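Enquirer: predicted model, plus sequence, below.
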Amino acid sequence: MAKHAAAAVGWGHHHVQKRWLLAFLLMLSVTTVIAFFIRAAFDYCDRNFSADYGIGSARNAIQVADKRAWQIAAANPSPLSFMKSKIVLMVSHELSLSGGPLLLMELAFLLRSVGAEVSWITIMKPSETDEVTYSLEHKMLHRGVQVFSAKGKEAIDTALRADLVVLNTAVAGKWLNAVLKGDVDRVLPKVLWWIHEMRGHYFKLDYVKYLPFVACAMIDSHVTAEYWKNRTLERLKIKMPETYVVHLGNSKELMQVAEDSVAQRVLREHVREYLGVRNEDLLFALINSVSRGKGQDLFLHSFYEALQLIKEKKMRVPPLHAVIVGSDMSSQTKFEMELRDYVMQKKIQDRVHFVNKTVTVAPYLASIDVLVQNSQGRGECFGRITIEAMAFQLPVLGSAAGGTKEIVVNETTGLLHPVGKDGVTPLAENIVKLATNVQRRLTIGKKGYERVKERFLEQHMAERIAGVVKEVLRKSKKQS
């Protein structure tokens, strides 16, 4: 039965969900509510399991942790408390489940929690409101964030009277000239431009011509900040404004689950049952949208090579599985079909599992043994999934590029490998290293968790952002 389930799940039949698992995941966080609400293809199975007591215990533990988090928050004022009663306008290029909009929403909620008046506009919206847009806008309205049209008079009026305007991603720059027009010079001195991109096609004057004139820029990693500094000067002949690097942090909700052993155990047991794998099996997961730049193809080549090494050397290890979280079951791309064809060709269908894309990563982090971060080219601007995995005490196998190098300490909190085809064999060897050494996996995972607690929490991120926002307010006041 388990073998049959594994094969089915491995080929993407994730429409079958377990009602108890949905209910439990919905309880974990507001983010979880949204993620499962918007997933389209759900077919609930009406089945009974013997884990009711465990789920109840997890619920109680999380409620206690949630109460404790509120008590700690009350005793420790937010670094952003100086923003009380300030007017803030958030400008997002889109409203989706991608990293940029979700990060901006988090900042909006942090500002609302200290009493700021926060408004949100989305530049590119679908002609008809879809479930994602509706759900995210409803979430913001529920948390006290005003939402209105990017092109209306309300957007212009808010921008003019705001104390702070946050442009999110390079693409959002087009809104300045298109909407503000003659008023743009009045708004630029209070603009904080938050940039997450690390791809060459964003370096267009249409997007970033006002970049030198805003108060400050904020970028997620040092390597990305350096890239933007050099590329804008060389390609566009413009100079970056004063730029701050702000590493991201894990949300309190995710940390509560990561530090709750009961919740983790329940999630691990039942997600693994859902995937059709045993508790003792080793799961190596890549959690990212399925695209060539994220390196799922090279990961699968490495995974297959690792299986061959284990077989050739007759190593005694538990069965290995690769989990690809980030599929789009509704419209599989040509690239994803290539991945599935490769799995079929190598006859490893029972070892590879494709899971639909979701922002609810906690259940999968609780159920796997190792995270693979295999982004190619310049790598990730930051790669938040990496610090989320480290919070769950998971070792990370990461490509030596982009923000990953600023998160992962090689040989301490993870193992790094080169990008491109040159990294296939090193990644395969690293998979084998961790598969054959339980103690090393545990030690690396523990060190990663310690690093998260030292520098990658929500509080750390809020402190870093607070410093940047204070500088924007200072410059704006000086020019007014």
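Expert: Looks like it came in fine.

Enquirer: please report the distance of Lys433 from Arg440.
Expert: 7 Å (Cβ to Cβ, to the nearest Å). C-beta coordinates here come from the backbone N, C-alpha and C atoms, glycine included.

Enquirer: next: Cys381.
Expert: Taken as Cβ to Cβ, the span from Cys381 to Arg440 is 29 Å.

Enquirer: ok, these two, which is more surrounded?
Expert: Shown here are Cys381 and Arg440; by other Cβ atoms under 10 Å, Cys381 has more neighbours (25 against 14).

Enquirer: how about Ala391: what's its closest non-neighbour residue?
Expert: Excluding the flanking residues, the one nearest Ala391 by Cβ to Cβ, 6 or more residues apart in numbering is Ala258, at 4.1 Å.

Enquirer: Phe203 reaches Arg231, doesn't it?
Expert: Yes - using Cβ atoms under 8 Å, Phe203 makes contact with Arg231 at a distance of 5.4 Å.

Enquirer: of those two, which one has the most company?
Expert: For Phe203 versus Arg231, neighbours defined as other Cβ under 10 Å are more numerous around Phe203 (18 against 15).

Enquirer: report the contact partners of that one.
Expert: Contact partners of Phe203, counting by Cβ atoms under 8 Å, 6 or more residues apart in numbering, are 231-232, 235-236.

Enquirer: measure it to Val171 for me?
Expert: In terms of Cβ to Cβ, Phe203 sits 12 Å off from Val171.

Enquirer: with Thr360 instead?
Expert: Taking Cβ to Cβ, one finds Thr360 at 26 Å from Val171.

Enquirer: got it, and His353?
Expert: 34 Å.

Enquirer: more neighbours: those two, which one.
Expert: Remark: of His353 and Val171, His353 carries more neighbours, 27 against 20, as counted by other Cβ under 10 Å.

Enquirer: report the separation between Gln376 and Leu283.
Expert: 22 Å.

Enquirer: which of these two has more neighbours?
Expert: Leu283 (23 against 19).

Enquirer: surely the more buried one meets Ala366?
Expert: No - under the criterion of Cβ under 8 Å, Leu283 makes no contact with Ala366, lying 10.9 Å away.

Enquirer: may I have the phi/psi pair for Ser476?
Expert: Taking degrees, to the nearest 10, you get phi -60, psi -40 for the backbone angles of Ser476.

Enquirer: offset the numbering so it begins at 58, please.
Expert: Let's use 58 as the start, then, which means that last one is Ser533.

Enquirer: wait, doesn't it sit right on Cys273?
Expert: No - applying Cβ under 8 Å as the test, Ser533 and Cys273 come out as separate, 10.2 Å apart.

Enquirer: name the residues contacting each of those two.
Expert: With Cβ under 8 Å, 6+ apart, Ser533 and Cys273 have no common neighbours.

Enquirer: after the longest strand belonging to the chain comes which helix or strand?
Expert: In the chain, taking DSSP state E as the definition, the longest strand is strand 377-384. Counting by DSSP states H and E, the next helix or strand C-terminal to strand 377-384 is helix 391-402.

Enquirer: tell me which strands and helices that next one is in contact with?
Expert: helix 353-369, strand 409-413 (3 or more Cβ pairs under 8 Å, 6 or more residues apart in numbering; DSSP states H and E).

Enquirer: which residues touch that helix?
Expert: 67-69, 347-349, 353-354, 357-358, 381, 384-385, 389, 406, 409, 411.

Enquirer: same thing with stretch 153-167?
Expert: Outside stretch 153-167, the residues touching it (Cβ under 8 Å, 6+ apart) are 92, 95, 135, 137, 145, 147, 149-152, 175, 177, 189, 193, 196-197, 200, 202, 223, 225-226, 251, 253, 305, 308, 346, 414-416, 441, 515, 519, 522.

Enquirer: how about the helices of the stretch 58-207 of the chain, start to end?
Expert: With helices called from DSSP state H, counting those that start in this stretch, the stretch 58-207 of the chain shows them at 59-67, 76-85, 87-95, 109-132, 156-170, 188-199.

Enquirer: would you single out the least confident of the ones you listed?
Expert: Among the helices of the stretch 58-207 of the chain, helix 87-95 carries the lowest mean pLDDT, a mean of 35.

Enquirer: pretty sure Arg200 is touching Arg169, no?
Expert: Yes - look at Arg200 against Arg169 with Cβ under 8 Å: they come within range, at 5.7 Å.

Enquirer: what about these two, which has more around it?
Expert: More neighbours surround Arg169 than the other of Arg200 and Arg169, with 17 against 14 (other Cβ under 10 Å).

Enquirer: tell me which helix or strand in this structure has the weakest average pLDDT.
Expert: Every helix and strand in the chain was compared by mean pLDDT, DSSP states H and E; the lowest is strand 100-102, with a mean of 26.

Enquirer: among the contacts of stretch 153-167, the buried ones, what's the PyMOL command?
Expert: Those of those that count as buried under 16 or more other Cβ atoms under 10 Å are selected in PyMOL with:
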select buried, resi 92+95+135+137+145+147+149+150+151+152+175+177+189+193+196+197+202+223+225+226+251+253+305+308+414+415+441+515+519+522
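
Enquirer: tally of neighbours for Glu188?
Expert: 12.

Enquirer: gap between it and Ile180?
Expert: 20 Å.

Enquirer: same question, Tyr399
Expert: Taking Cβ to Cβ, one finds Tyr399 at 38 Å from Ile180.

Enquirer: with neighbour numbers in mind, choose between those two.
Expert: Taking neighbours as other Cβ under 10 Å, Tyr399 and Ile180 compare with Ile180 leading, 22 against 16.

Enquirer: surely Leu343 touches Phe360?
Expert: No - under the criterion of Cβ under 8 Å, Leu343 makes no contact with Phe360, lying 9.4 Å away.

Enquirer: common neighbours of those two, please.
Expert: Ala379.

Enquirer: checking my notes, Asp407 in a strand, right?
Expert: No - Asp407 is assigned coil when assessed by DSSP: H, G, I helix; E, B strand; the rest coil, not a strand.

Enquirer: please report phi then psi for it.
Expert: phi -80, psi 0.

Enquirer: go ahead and confirm Thr493 touches Met372.
Expert: Yes - counting by Cβ under 8 Å, Thr493 sits close enough to Met372 to count as a contact (5.8 Å).

Enquirer: so for these two, which sits in the more crowded spot?
Expert: Thr493 (16 against 11).

Enquirer: which ones are touching the more buried one?
Expert: Thr493 neighbours (Cβ under 8 Å, 6+ apart): 372, 374.

Enquirer: how near is it to Leu499?
Expert: Counting by Cβ to Cβ, the gap from Thr493 to Leu499 is 13 Å.

Enquirer: what of Ser384?
Expert: In terms of Cβ to Cβ, Ser384 sits 30 Å off from Leu499.

Enquirer: repeat that for Val334.
Expert: From Val334 over to Leu499 (counting by Cβ to Cβ), the distance is 20 Å.

Enquirer: so the two - more neighbours on which side?
Expert: Applying other Cβ under 10 Å to Val334 and Leu499 shows that Val334 carries more neighbours, namely 26 against 12.

Enquirer: could you report the pLDDT at that one?
Expert: pLDDT, read off for Val334, is 97.

Enquirer: hang on, it packs against Phe341?
Expert: No - applying Cβ under 8 Å as the test, Val334 and Phe341 come out as separate, 11.7 Å apart.
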